[in-house]
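Asker: when you get a sec, could you give me coordinates for this:
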Amino acid sequence: MGITEQTIVEQFPFWRAALVPRGRLPAAPVTVFVGCGTSYNLALSLAAAANGAGIAAIAVPAREWLDRPTAYWPRWQEASVVALSRSGETTETVAAAAASRAAGIHVTGITCAEGSSLAAESDRVVHAETHPLEGIVMTSSASLMLLMGLQIIGVTVGEDVVAAAEAALAATNTAADALIAGRSHFVYLGGGALYGVALEGALKLLEMSQTYAQAFHPLEYRHGPISLLDERTVAIMLYGDARPDDEAVLVGEMQAKGALVLGFGGPGDVSVPLGVAPALAGLAALPALQLLGERVAGAKGLDTVQPRHLTKVVMLASA
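Answerer: Numbers count the residues shown, from 1 in each chain. Here you go, the predicted model:
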């Protein structure tokens with residue numbers, strides 16, 4: 001087992017340590033979740049989950065919020081901002097937090113580095129320790145920031161979710177090698193709060209295995225992207241609670257065109273039950289998606305400790 005896989009399978013004690021009471025977000029006309037890369041994918045998922053919990057929210061890339069906040073919310077100074085960064089040193093995220101505070105906006109920082117620059121630029125810091133061996137690829141830290149984000153919007157995360165994630169990881173581990181053998185095209189599908197998780201699954205596989213991967217809302221997939229589907233495709237369907245029957249029909253169509261399907265919470269060539277509330281399905285599936293990236297990289301003989309062109313923290317000379 002390599003170091004990256006070790007951080008995936010050993011992340012659950014860190015989840016359990018993070019299962020502590022956390023206060024809710026301050027009231028505001030809109031809550032804006034900002035981040036870069038994986039953190040932006042998590043922001044998308046959290047904004048959708050927040051809306052589902054009755055908190056008006058959007059997700060914006062940190063650089064976009066820094067440069068053109070009015071493009072996303074016209075009365076942007078009335079917002080509450082939640083900034084996500086594993087290291088707390090991502091230049092654009094720290095700058096977005098600092099600019100927000102300078103405008104009088106309350107900033108909540110979600111990070112795995114309590115004494116970071118982001119923490120210094122936040123009115124409130126939400127923090128959890130991540131696996132100490134985690135390297136460039138965000139694994140345990142991504143799960144933890146999603147977990148903490150759900151907590152502060154009022155979603156109860158308990159031991160049942162940890163157990164569901166462990167079971168989903170074990171089931172995926174058993175099926176992964178046969179599922180990906182000879183396959184080179186990976187598609188991730190998820191709607192609502194699952195869309196950000198689908199994007200994160202695709203990003204994880206892309207950066208770990210240098211394999212092109214895409215993510216879509218499920219019922220958007222027929223509108224163009226399906227033209228790329230063939231016998232080289234693996235589709236990962238994150239079933240939602242809104243239209244699972246329609247998503248199952250789509251899965252049947254994809255299988256008929258040659259794809260193999262890994263279904264989380266619904267049917268597929270490999271079906272992985274999740275058994276948690278819809279708001280928690282993405283969190284329960286995320287470690288399994290991380291492992292799938294590791295397996296594809298392993299099949300290509302690639303080192304996921306040092307992915308090509310990537311660094312652990314993106315720090316720029318200026319923001």
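Asker: and the strand or helix carrying residue 32, what does it pack against?
Answerer: Counting by DSSP states H and E, the element that carries residue 32 is strand 31-35. On a contact count with 3 or more CB pairs under 8 Å, 6 or more residues apart in numbering; DSSP states H and E, strand 31-35 meets helix 38-52, strand 57-61, helix 62-67, strand 80-85, helix 91-102. The C-beta positions use only the backbone N, C-alpha and C, and glycine is treated the same way.
Asker: the shortest one: how far from the chain's middle?
Answerer: Relative to the mean C-alpha coordinate of its chain, strand 57-61 is positioned 14 Å out (CA atoms, centre = their mean, to the nearest Å).
Asker: between the helix or strand hosting residue 150 and helix 38-52, how many degrees?
Answerer: Take DSSP H and E as the rule and residue 150 turns out to sit in helix 140-152. Interaxial angle of helix 140-152 relative to helix 38-52 (axes from the mean of the first three to the mean of the last three CA atoms, to 10 degrees): 20 degrees.
Asker: quick one, helix 140-152 and strand 31-35 angle?
Answerer: Using the same axes, to 10 degrees: helix 140-152 against strand 31-35 is 180 degrees.
Asker: what helices or strands is the following helix or strand past helix 140-152 leaning on?
Answerer: Later in the chain than helix 140-152, the nearest helix or strand by DSSP H and E is helix 159-180. Applying 3+ CB pairs under 8 Å, 6+ apart, one finds that helix 159-180 contacts helix 12-18, strand 260-264, strand 270-272, helix 281-299.
Asker: alpha carbons of the helix holding residue 150, in PDB - could you do that?
Answerer: Coordinates of each C-alpha in helix 140-152 appear next as PDB, following Å, rounded to 0.1, in the frame of the first residue of the first chain:
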ATOM      1  CA  SER A 140      -8.500  12.900   4.300                       C
ATOM      2  CA  SER A 141      -8.400  16.700   4.400                       C
ATOM      3  CA  ALA A 142     -11.000  17.000   1.600                       C
ATOM      4  CA  SER A 143     -13.400  14.600   3.500                       C
ATOM      5  CA  LEU A 144     -12.800  16.500   6.700                       C
ATOM      6  CA  MET A 145     -13.500  19.900   5.200                       C
ATOM      7  CA  LEU A 146     -16.700  18.600   3.700                       C
ATOM      8  CA  LEU A 147     -17.700  17.100   7.000                       C
ATOM      9  CA  MET A 148     -17.000  20.300   8.900                       C
ATOM     10  CA  GLY A 149     -18.900  22.400   6.300                       C
ATOM     11  CA  LEU A 150     -21.900  20.200   6.700                       C
ATOM     12  CA  GLN A 151     -21.800  20.500  10.500                       C
ATOM     13  CA  ILE A 152     -21.800  24.300  10.400                       C
END
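Asker: and for residue 206, the neighbour number?
Answerer: 17 (other CB atoms under 10 Å).
Asker: on the three-state scheme, it is what?
Answerer: helix (DSSP: H, G, I helix; E, B strand; the rest coil).
Asker: against residue 177, how distant is it?
Answerer: 19 Å (CB to CB, to the nearest Å).
Asker: again with residue 289
Answerer: 16 Å.
Asker: again with residue 60
Answerer: Residue 60 is 38 Å from residue 177, by CB to CB.
Asker: what's the answer for residue 3, then?
Answerer: 20 Å.
Asker: go on, residue 275?
Answerer: 25 Å.
Asker: same thing with residue 256?
Answerer: From residue 256 to residue 177 the distance is 24 Å (CB to CB).
Asker: more neighbours, the two?
Answerer: residue 177 (12 against 8).
Asker: dump the helix or strand of the chain with the lowest mean pLDDT to CSV, keeping only the CA atoms.
Answerer: The helix or strand of the chain with the poorest confidence is helix 3-9; it has a mean of 92 (mean pLDDT, DSSP states H and E). Extracted in CSV, the C-alpha atoms of helix 3-9 (Å, rounded to 0.1, in the frame of the first residue of the first chain):
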residue,chain,number,x,y,z
ILE,A,3,1.3,6.5,1.1
THR,A,4,-1.7,8.1,-0.7
GLU,A,5,-3.8,5.0,-0.3
GLN,A,6,-2.7,4.8,3.3
THR,A,7,-4.1,8.3,3.9
ILE,A,8,-7.4,7.2,2.2
VAL,A,9,-8.0,4.1,4.2
